[in-house]
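In: I'll drop the sequence and a predicted model, then ask my questions.
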Amino acid sequence: MRRVNCVATATISLVELAHRSGLPARLLRRFRERGAIESADGAGATYPFRAAASARAIAQLWRAGWSEARIARAWRIARTVVADPDEALHGLLASLGCRRVTIRAADGRLLEAGGQQVFDFAPKASAGGVAALRTPDEWFMSGVAAEANGRLDEAVRNYERALADSTPDAHFNLGNCYHALRRRCDAQAQFEATVALAPDYAEAWNNLGVVRGSRGDRAGAIAALRRALALVPHYADAHYNLAEALAAVGDLESARRHWQSYLVYDPNSRWAERARRRLRVRRGTEA
């Protein structure tokens, strides 16, 4: 089967982003225009999965009574202290309940505009140092950064801390890291937790199918991949993975249909030639 779909490459629509964050689509569009949320296509039709965490951070500020203008102004201030746009946005959550803008840096320091450190006397939940200073959203974004830089063990630790909010994206990303580390039983548990929280999460159903197949559960793999395609019929990777799963149980005719569908939706990838080879072998068998 193909690799699982990871947060760094998969995208979601504006409608899905609005659903996950609880923000109106029109507000998300305006924050995209301001540069606070990055779109995958530059036009605002699709967004990388990491945008969901940024949208949720905006939602927390908005629900706390911050206006759009105030969020945008505070984000610009935060950018002068924290270079990364997403980290700056999540760092603003430290301002909730405060009269002035403060920013939580990725290393746990609390900063004010200009970069001066603020002594943080807030009670700690534990003696775990920085671990007690961050919100689940901040841990999530730290996990995204660590995963993007290949630091999978660190990403796992950060995502595990992000599970306090039990969001689908945190479970999904943690499952991806477990899978990359060959911790397939743990990966399966995280993908199952993802779809339990978000039954319409097609990418999680796809990844669950991949992991089930790698663990020998072919029937479970097929069921999960069919669910992914029921949600997103044009999901190319799920077509390929389902074709491989069906071929593994001897249903070559059904597998052939899904390899053909894969080639319709993704004809130029390195996996396309594999699908064509599968189809040529099948034709040779029929001849």
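Out: In hand now; what should we look at? All of these numbers come straight from a predicted model, not from anything done at the bench.
In: so what's residue 91 up against?
Out: Shown in contact with residue 91 (C-beta atoms under 8 Å, 6 or more residues apart in numbering): 78, 81, 82, 103, 104, 105, 106, 111, 138. Bear in mind the C-beta positions are built from the backbone N, C-alpha and C, glycine included.
In: A strand includes it, no?
Out: No. Using DSSP: H, G, I helix; E, B strand; the rest coil, the assignment for residue 91 is helix, not a strand.
In: just to revisit the earlier point, so of the contacts of residue 91, which ones are in strands?
Out: In this view, the contacts of residue 91 that belong to strands under DSSP state E are 103, 104, 111.
In: thought the second one was touching residue 94?
Out: Yes. Residue 104 sits in contact with residue 94 when judged by C-beta atoms under 8 Å, with a separation of 4.0 Å.
In: anything in contact with each of the two?
Out: residue 110.
In: name the element the closest residue to residue 238 other than its chain neighbours belongs to?
Out: With sequence-adjacent residues excluded and distances taken as C-beta to C-beta, 6 or more residues apart in numbering, residue 238 is closest to residue 228, at 4.1 Å. Residue 228 belongs to helix 218-231 when assigned by DSSP states H and E.
In: for the next helix or strand after that helix, buried residues please.
Out: Using DSSP H and E, the next helix or strand after helix 218-231 towards the C-terminus is helix 236-248. Residues of helix 236-248 classed as buried: 236, 237, 238, 239, 240, 241, 242, 243, 244, 245, 246, 247 (neighbour count, 16 or more other C-beta atoms under 10 Å).
In: ok, the third one - contacts?
Out: For residue 238, the set of contacting residues under the criterion of C-beta under 8 Å, 6+ apart consists of 202, 205, 206, 209, 225, 228, 229, 232.
In: which SS state does the third one fall under?
Out: Three-state assignment for residue 206 (three-state DSSP): helix.
In: pLDDT at it, what is it?
Out: Looking at residue 206, its pLDDT is 92.
In: now render the ones in strands among the contacts of residue 91 as JSON lines, adding pLDDT, neighbour count and distance to residue 160.
Out: Output for the ones in strands among the contacts of residue 91, formatted as JSON lines (pLDDT from 0 to 100; neighbours: other C-beta atoms under 10 Å; distance: C-beta to C-beta, whole Å):
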{"residue": "103", "pLDDT": "85", "neighbour count": "28", "distance to residue 160": "24"}
{"residue": "104", "pLDDT": "79", "neighbour count": "24", "distance to residue 160": "19"}
{"residue": "111", "pLDDT": "81", "neighbour count": "19", "distance to residue 160": "26"}
